[in-house]
Structures are given as structure tokens and as C-alpha cells.
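**Q** coordinates only, no sequence provided:
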């Protein structure tokens, strides 16, 4: 399934922007939000976070925008994205597979940071971004990472990195430097995994769809 981009920025860098995500289906996404939220409520929060991220990616210049999706697209998906299925295997293999669909510089972001903004992505989009570095790394507060950019999208740089551990980010960044890549860092962001994360991220980014959905659930009697 391919959605044709509807906007053409004046300056379009030779960059592929990747979002890796699960379709927001109750019981399959944001399971650590349950409780206090029901599976359906957690899925609505996941959808809001994903839509926030998709629209940020639409609002910055890129040659390609690719959603690497576990599941089926829904009405939440705006025009402007190619959609490719996630591959099999662990998260390291699926991330590697996402880079495998690219030729030329690529930046991958997840669906767990609805506070991402064009300003946060701006360093990777600058005219000298890939002259100053061969890799860009966005660390997450929980020890993982929310963004990874590669001038040459080599899937082997991700395979075998232990995922979902407190040292995932450190191991991944060390893998990049061990390969001789110059790495530049993006700001640390907090992933939305737990209810406490959700509240903190919504407070930090109150104008997002995610914050609005969290407030709607609170107004319906949730804490």
C-alpha cells in the first residue's frame, strides 16, 4: 500500500525518513499502560502518539517517508507515506530490515515519542548534516534510543544489539563508533511506556494529539 505525498518542500534533502510502528490495535500496543488504562484506551493513546509522529515527519523535508508497520494501515494514516511490512525476528532484525529498504541517508524514529518535533529533527535535516557525521543517535531516557540515522544504511549495524534493556542505547552507539562512524547526538527524549511516562510526556508537549487524548481519558474519570 502506497500513499502518494501531497507536498513538495522547496528543499528536499536526499534523505529517507522511517517510522517503525505497530498498528494501534487493542491488546497489541502499549500493554504496559494496562492498567491503569484498558487495552482500548491504551490503543487510543498509541494511535495518538503515532499520528503525532507521522505528521511531524510530513512537516519536514525528505525524499521518502516510509512507515515500517507491524499490522495493517488504518484511517489514522495520512497521505504521504510508503508502507512496508516489518520483517520477522526480534526487534534488532526488524530495525535492520527497515534500513534495508533504503538507499542513501536514512533516519529512523519510533512511535513512542509523540513530543518529537521538526526542531528536534532539524540537525539531521541541515545542509551539512551528513558531512559532519556518518550517524545520528537519539538516546532515550530509559536507556534505549528514539532515533537512529545512518549515512549508509547498513543493516548489520543493528543486528545482534540486545533490545529493550537499560543498556540498549549504549550498546547501539558503541556499535556505531566501533565501525568507525562519526556519531552526533540528538537530545534525550522520554519514551511513553508507562502511565507515569505518558503523564510526563503530555505535560512536556501539551499541544500534541497525545496530550489531548490523555486529557480526554482523564476527563472520563481516569487518573
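**A** Everything's here; your move. Since this is a predicted model, take the numbers as computed values, not measurements.

**Q** flag every buried residue along the lowest-mean-pLDDT helix or strand in the chain.
**A** Comparing helices and strands within the chain by mean pLDDT, DSSP states H and E singles out helix 129-132 as the least confident, with a mean of 90. Going by neighbour count (16 or more other CB atoms under 10 Å), the buried part of helix 129-132 is 129, 130. For glycine as for every other residue, the C-beta is placed from the backbone atoms N, C-alpha and C.

**Q** packing partners for that helix?
**A** Taking 3 or more CB pairs under 8 Å, 6 or more residues apart in numbering; DSSP states H and E as the contact definition, helix 129-132 has no neighbouring helices or strands.

**Q** I'd like the next helix or strand past that helix.
**A** Moving toward the C-terminus from helix 129-132, the next helix or strand (DSSP states H and E) is strand 135-139.

**Q** who are the packing partners of that following strand?
**A** Applying 3+ CB pairs under 8 Å, 6+ apart, one finds that strand 135-139 contacts strand 145-150, helix 168-178, strand 183-185.

**Q** and residue 194, how many neighbours?
**A** The number of residues packed around residue 194, counting by other CB atoms under 10 Å, is 14.

**Q** now do stretch 67-81, average pLDDT.
**A** Predicted confidence along stretch 67-81 averages 97 (mean pLDDT).

**Q** what number of residues lie near residue 69?
**A** Neighbours around residue 69, by other CB under 10 Å: 22.

**Q** do the same with the one 10 residues further on
**A** Counted with other CB under 10 Å, the burial measure for residue 79 works out to 11 neighbours.

**Q** measure it to residue 73 for me?
**A** For residue 79, the distance to residue 73 (CB to CB, to the nearest Å) stands at 11 Å.

**Q** hang on, the earlier thing: deepest-packed of the helices and strands packed on strand 135-139, please.
**A** Sort the helices and strands packed on strand 135-139 by mean neighbour count, taking mean count of other CB atoms under 10 Å, and strand 145-150 sits at the top with a mean of 26.

**Q** each with direction, which strands does it pair with?
**A** strand 106-109 (antiparallel), strand 135-139 (antiparallel) (DSSP bridges).

**Q** now these in a markdown table, with mean neighbour count, distance to residue 147 and mean pLDDT?
**A** Rendered in a markdown table, the data for those read as follows (neighbours: other CB atoms under 10 Å; distance: least, CB to CB, whole Å; pLDDT from 0 to 100):
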| stretch | mean neighbour count | distance to residue 147 | mean pLDDT |
| --- | --- | --- | --- |
| strand 106-109 | 25 | 5 | 97 |
| strand 135-139 | 23 | 3 | 98 |
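
**Q** returning to what we had before: which residues sit against the least confident helix or strand of the chain?
**A** Judged by CB atoms under 8 Å, 6 or more residues apart in numbering, the contacts made with helix 129-132 from elsewhere in the structure are 13, 105, 123, 136, 151, 182, 184.

**Q** let me know the closest of those to residue 164.
**A** residue 136 (21.4 Å; CB to CB).

**Q** just give the nearest non-adjacent residue to the closest one, would you?
**A** Among residues not flanking residue 136 along the chain, residue 149 sits closest, at 3.4 Å (CB to CB, 6 or more residues apart in numbering).

**Q** quick one on the thing from earlier: kindly reformat the strands paired with strand 145-150 as CSV containing distance to residue 173.
**A** Rendered in CSV, the data for the strands paired with strand 145-150 read as follows (distance: least, CB to CB, whole Å):
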stretch, distance to residue 173
strand 106-109, 14
strand 135-139, 5
